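Asker: Build me a model:
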Amino acid sequence: MGTTQLDSVQEPKYWHLRTVLSEALDSEFSVGEILPNERDLAARFGVARATLRQALEQLELEGRLQRRRGVGTTVAPPRVGVAVGGEQHAWPGGSKDAWQPTDCVQQVPPAAVAAALETGADEPVHTVRRSRTSGGQRVATELLYIPAASVPGLTAIDAPSGPARARTVLRELHRLEPEGQDRAVELGSARADDARELDRLPGSPVLVVTTRFTAEGRTAALSVATYRADTCRLTFGDTADVEIHHDPERRAS
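Answerer: Residues are numbered from 1 along each chain as shown. From the prediction side, this is the model:
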């Protein structure tokens, strides 16, 4: 085979260092452990601090490292697997659900959500906010939209607001017989409110998973979950449970 221009391109120093550092993370450090400071790391590997910073930034983008204000650079926990497909007859908030409810309010949803739920343009729906953590770090946030028609037995006195209200709404939703669900995944940018909850900058890359739950021949609920792209990856399997996976370079899907 002939030589191409790429064959003569030398690997950037920071990329080679990134590989060396990645191997060191696997063999010498544990999850949550704080790395030595930049000066010590640069001296250990015999590189300029600018080169070291590039390598650290690359590993942070890949989800191997986390930079925490007031703490330093730490080894990130394993990525969360976002399951695509799988179990089609389960409501959110079940016994095996890892999401934690944080709030619930009644408000008018975005126009696209109202159209999917087939509610009136100005009709408020129950909006449940939930979060998902892994290794003590929040990795995803969710807005679950539930129209009043899906929880007809719910009253304002059941629980006024907050997590208790969210759990009450979900419990009432479970009275319906689920028919199925469909899911779509796309790459997006973190909005200001999601970025704040996920401890990321606005515009940071995220995975947006939209799930439509059906019952009685209609859309009974709609979930819009936002995952940190640097800590999550898609998985394809027979279960809809969110699984924990090690770094993709070390374990094949």
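Asker: okay, and for the chain, where does confidence drop off?
Answerer: Low-confidence segments of the chain (pLDDT under 70): 1-10, 79-89, 156-160, 236-253.
Asker: Strands of that one, residue ranges please.
Answerer: For the chain, strands defined by DSSP state E occupy the ranges 65-68, 72-75, 80-84, 100-107, 125-134, 137-146, 180-189, 205-215, 218-228, 232-236, 243-244.
Asker: Out of the ones you listed, flag the one nearest E118.
Answerer: strand 218-228 (6.6 Å; Cβ to Cβ). Glycine gets a C-beta too; all of them are placed from N, C-alpha and C.
Asker: buried set for the closest one?
Answerer: 219-228 (16 or more other Cβ atoms under 10 Å).
Asker: returning to what we had before: I'd like the strands of the chain laid out as JSON lines, including distance to R53.
Answerer: Formatted as JSON lines, these follow (distance: least, Cβ to Cβ, whole Å):
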{"stretch": "strand 65-68", "distance to R53": "11"}
{"stretch": "strand 72-75", "distance to R53": "10"}
{"stretch": "strand 80-84", "distance to R53": "27"}
{"stretch": "strand 100-107", "distance to R53": "35"}
{"stretch": "strand 125-134", "distance to R53": "26"}
{"stretch": "strand 137-146", "distance to R53": "22"}
{"stretch": "strand 180-189", "distance to R53": "24"}
{"stretch": "strand 205-215", "distance to R53": "20"}
{"stretch": "strand 218-228", "distance to R53": "21"}
{"stretch": "strand 232-236", "distance to R53": "25"}
{"stretch": "strand 243-244", "distance to R53": "29"}
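Asker: Looking at the ones you listed, which is nearest to L41?
Answerer: The nearest among the strands of the chain, by Cβ to Cβ, is strand 72-75 at 9.1 Å.
Asker: and the closest one, what other elements does it pack with?
Answerer: On a contact count with 3 or more Cβ pairs under 8 Å, 6 or more residues apart in numbering; DSSP states H and E, strand 72-75 meets strand 65-68.
Asker: List the contacts of the strand it packs on.
Answerer: With contact meaning Cβ atoms under 8 Å, 6 or more residues apart in numbering, strand 65-68 is reached by 25, 35, 56, 59-60, 73-76, 137.
Asker: Serialize those to JSON lines and add fields for neighbour count.
Answerer: Converted to JSON lines, the contacts of strand 65-68 look like this (neighbours: other Cβ atoms under 10 Å):
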{"residue": "L25", "neighbour count": "19"}
{"residue": "L35", "neighbour count": "20"}
{"residue": "L56", "neighbour count": "21"}
{"residue": "L59", "neighbour count": "22"}
{"residue": "E60", "neighbour count": "15"}
{"residue": "T73", "neighbour count": "19"}
{"residue": "T74", "neighbour count": "17"}
{"residue": "V75", "neighbour count": "19"}
{"residue": "A76", "neighbour count": "23"}
{"residue": "Q137", "neighbour count": "18"}
